[in-house]
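A.B. asks: Build me a model:
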Amino acid sequence: MGVIVGPRVIDAGFSLMSVLLAPIPVAAGYPSPAQDYFDGRIDLNEHLIKDVTSTFVVRVTGQSMEGAGISDGDELIVNRALEPKDGSVVVAVLDGELTIKRLRVTPSGVVLEADNPKYPDIRVPAMSELTIWGVATTCLHHI
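C.D. replies: Numbers count the residues shown, from 1 in each chain. Below you'll find the model as predicted:
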């Protein structure tokens, strides 16, 4: 099961993080002419963090979400202030156990769906305690 290893705060101070921004998009198909310069900086906080007080990073363990592009060892940026919706990738607490799954709300009940056919979906029994801890907004995938 894709279980997280405890939530960790990104950075208590959320210091400004910026990196150089290439002036043109880089082709993933045929190469484009090389550029020898960069065009300013891009603030990663501005692009990745929408709500500093409610945003955390969690590290993923397991392969149950590989179909969603989330691999073992990746970090997810999770916003606790977002409203979970059908289809959201969420950090859920089911009967005291943390897991990362896709939330499905069906006429027959709630399902925590794995995005890997090798792993079963979890149909949440009516008597279970389910809390959606947060909604994943970005996967920091290691290549």
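
A.B. asks: What distance do you get for G109 to S88?
C.D. replies: 17 Å (Cβ to Cβ, to the nearest Å). Using the backbone N, CA and C atoms, a C-beta is placed for each residue, glycine as well.

A.B. asks: ok, now D95?
C.D. replies: In this structure, D95 lies at 20 Å from S88, with Cβ to Cβ as the measure.

A.B. asks: Looking at the two, which has the bigger crowd around it?
C.D. replies: S88 (18 against 11; other Cβ atoms under 10 Å).

A.B. asks: OK, contacts around that one?
C.D. replies: 82, 102-103, 135-136 (Cβ atoms under 8 Å, 6 or more residues apart in numbering).

A.B. asks: Now name the helix or strand holding the residue lying closest to I77 once chain neighbours are set aside.
C.D. replies: Counting by Cβ to Cβ, 6 or more residues apart in numbering, T138 is the residue found nearest to I77 once chain neighbours are left out, at 4.2 Å. Assigned by DSSP states H and E, T138 belongs to strand 130-140.

A.B. asks: what about the protein, any weak spots by pLDDT?
C.D. replies: Applying pLDDT under 70 to the chain flags the ranges 1-40.

A.B. asks: How are the strands of it distributed by residue range?
C.D. replies: Remark: strands assigned in the chain by DSSP state E are 3-4, 18-20, 41-43, 55-61, 75-79, 89-94, 97-106, 109-113, 122-123, 130-140.
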